[in-house]
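Visitor: what's the 3D shape of this:
(one chain, ligands or ions: 2)
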Amino acid sequence: MSNLIRLDQHPLADANWRSRCRKELNHNGVLVLHKFLKPKVLQTIIDDGNALHPLAYRADSRHNVYLLEPDDAYNDDHPRNREIPSTKSCITHDQLPADSPLRQLHNDTLFKSFLCDVLGEANLYSFADPYSSITFHYAAEGQELGWHFDNASFAITFLVQKPRAGGEFQFVRDLRNSETGMTDYDGVGAVLDDRHPVDTLNIEEGDLVLFRGRDFLHRVTPTRGDVTRMIAVLAYNTRPGVALTESARMTFYGKL
Ligand SMILES: O=C(O)CCC(=O)C(=O)O
Ligand SMILES: [Fe+2]
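Guide: Ligands and ions are numbered 1, 2, ... in the order given. So this is what the prediction gives:
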């Protein structure tokens, strides 16, 4: 049994509760487990995150919402190709303290079996490279993550530190269906031009977020004020032995 998680609020072992979580994730594309970890554990993660911030690698990039190479069939301004800036910074798994509670959480048997059930996966495995399984992502004042669809079918994030303002996770559903190949370029274009309503996720420090970002467009707005936005990303593969590609490692972490 994990001694990190507030199991009184989040009964991870309970089959009915798992089933409710799964339905909510599949229905909404996102599931928030508020105040997931015990307060002392959260404080350790906040302190670790702030201590590591000076070492973070800043990976400024420009990308389209599909995170793909441009498609020559469309012009540069078309929603398929339009370039958007992202300016976040990152710390990798190997840089975390040996006793980081996030290492224990990532490996926790009960937590993983809960995730498998909710995500509908048979097994979840750590990355084969030393960097990718747990990462801290930072957005200091002015830094942001531009609109995009994820490559992975699910993401698990933990909000470690909330900025004074900005740093909001915004999303728009139903603009893509990666199973059928449908994508709504008009809708994506309307979002990029600020002509489309967007939802904002209501999250606080210590909240765990599961989302299916491959089919919903999302971004994190620029941080405002002197408190840096910090999240921990808990990443898994559905097959063993998978490493992030070398080119992705260079792009995100600046090292091989
Ligand atoms: O920072 C967040 O809350 C979301 C991160 C995200 O969308 C990503 O890393 O793909
Ligand atoms: Fe994303």
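Visitor: so where do the strands sit in the stretch 151-256 of the chain?
Guide: Ranges of strands in the stretch 151-256 of the chain, per DSSP state E, counting those that start in this stretch, are 155-161, 165-166, 169-172, 176-177, 182-183, 199-200, 208-211, 217-220, 223-224, 229-234.
Visitor: Tabulate the ones you listed in a markdown table, adding columns for distance to ligand 2, mean pLDDT and mean neighbour count.
Guide: No exception for glycine: its C-beta is placed from N, CA and C like everyone else's. Listed next are these as a markdown table, based on distance: least, C-beta to the ion, whole Å; pLDDT from 0 to 100; neighbours: other C-beta atoms under 10 Å:
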| stretch | distance to ligand 2 | mean pLDDT | mean neighbour count |
| --- | --- | --- | --- |
| strand 155-161 | 6 | 98 | 21 |
| strand 165-166 | 17 | 98 | 15 |
| strand 169-172 | 9 | 98 | 19 |
| strand 176-177 | 13 | 96 | 17 |
| strand 182-183 | 16 | 95 | 14 |
| strand 199-200 | 15 | 98 | 12 |
| strand 208-211 | 8 | 98 | 21 |
| strand 217-220 | 6 | 98 | 23 |
| strand 223-224 | 16 | 98 | 20 |
| strand 229-234 | 9 | 98 | 24 |
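Visitor: For the protein, what lies in contact range of ligand 2?
Guide: Contact residues, the chain versus ligand 2 (C-beta under 5 Å from the ion): 150, 213.
Visitor: so what's the residue in the chain sticking out farthest from the centre up against?
Guide: Within the chain, the residue lying farthest from the chain centre (C-alpha atoms, centre = their mean) is residue 73, at 30.7 Å. Residues in contact with residue 73 (C-beta atoms under 8 Å, 6 or more residues apart in numbering) are residue 80.
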